[in-house]
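**Student:** model the following, please.
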Amino acid sequence: MLRYNRWATLTLIEACRSLPDEQLDARVPVVSGTARELLMHIIGAQQTFVLRTMGRQHEGELSRTTPWPGFPTLLELANASADELIAIAESLDTDASVDLPWLGNVYRFPKHFFLVHAVEHGVEHRTEIKVALASLGIDTPDLDGWSYAAAAGFGQEVPSA
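**Tutor:** Predicted coordinates for the structure are as follows:
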């Protein structure tokens, strides 16, 4: 799921690279931010989810209000944080928990929760970006699982016996 998450986010970022500022910064009803804001939010959240698996957060991650870093930096951060999430999943002790401080209290979470949240969060906000862009008449990439399968080389025909 985290490999899909990586692919889908990178695919959407690449689709947005050629858009003019007016489209990246357009506000569309029922969408929680502009495409630019949401891209930064998705990547910043990935950074946060990595930190949360270590019981940390708020260490300079991107946010919706961060100054725009540009697409090359955004792609670099997207790749790095997605790769970190995948590495965390690959070495995950399924019984591991994390104590996370928040507003003067400490809360315990299973570490795998932050990986689930990373995937769901990405789906939610990528969908918002696609809705916003589609409402502006912009074709958006197909982020369906079948498109991922094709990109990943899954589903190759098996020669008959």
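**Student:** Val31 - how many residues pack around it?
**Tutor:** 20 (other Cβ atoms under 10 Å). (C-beta placed from N, C-alpha, C; glycine too.)
**Student:** same question, Trp102
**Tutor:** Trp102, neighbours per other Cβ under 10 Å, totals 9.
**Student:** go on, the one 10 residues further on?
**Tutor:** The number of residues packed near His112 is 18, by other Cβ under 10 Å.
**Student:** same thing with the one 10 residues further on?
**Tutor:** The tally of other residues near Gly122 (other Cβ under 10 Å) stands at 26.
**Student:** per-residue pLDDT of it, please?
**Tutor:** For Gly122, the pLDDT comes out at 98.
**Student:** helices along the chain, start to end?
**Tutor:** Remark: helices assigned in the chain by DSSP state H are 2-16, 21-24, 35-52, 71-90, 111-135, 145-152.
**Student:** so which bits of the longest one are buried?
**Tutor:** Right, the one you point to is helix 111-135. Using 16 or more other Cβ atoms under 10 Å as the test for burial, helix 111-135 gives 111-112, 114-115, 118-119, 121-123, 125-126, 128-130, 132-133.
**Student:** again, but for the fourth one
**Tutor:** Of the residues in helix 71-90, those buried under the neighbour-count criterion (16+ other Cβ under 10 Å) are 71, 74-75, 77-78, 81-82, 84-86, 88-89.
**Student:** return the closest of those with respect to Gly153.
**Tutor:** Proximity of the buried residues of helix 71-90 to Gly153 (Cβ to Cβ) peaks at Ile86, which lies at 17.1 Å.
**Student:** how about that closest one, what does it touch?
**Tutor:** 2-3, 6 (Cβ atoms under 8 Å, 6 or more residues apart in numbering).
**Student:** that one and His41: what is the separation?
**Tutor:** With distances taken as Cβ to Cβ, to the nearest Å, Ile86 is found 20 Å from His41.
**Student:** for the closest residue to Arg52 other than its chain neighbours, list the residues it contacts.
**Tutor:** Leaving out its chain neighbours, the residue that sits closest to Arg52 by Cβ to Cβ, 6 or more residues apart in numbering is Phe114, at 4.6 Å. Residues in contact with Phe114 (Cβ under 8 Å, 6+ apart) are 49, 52-53, 98.
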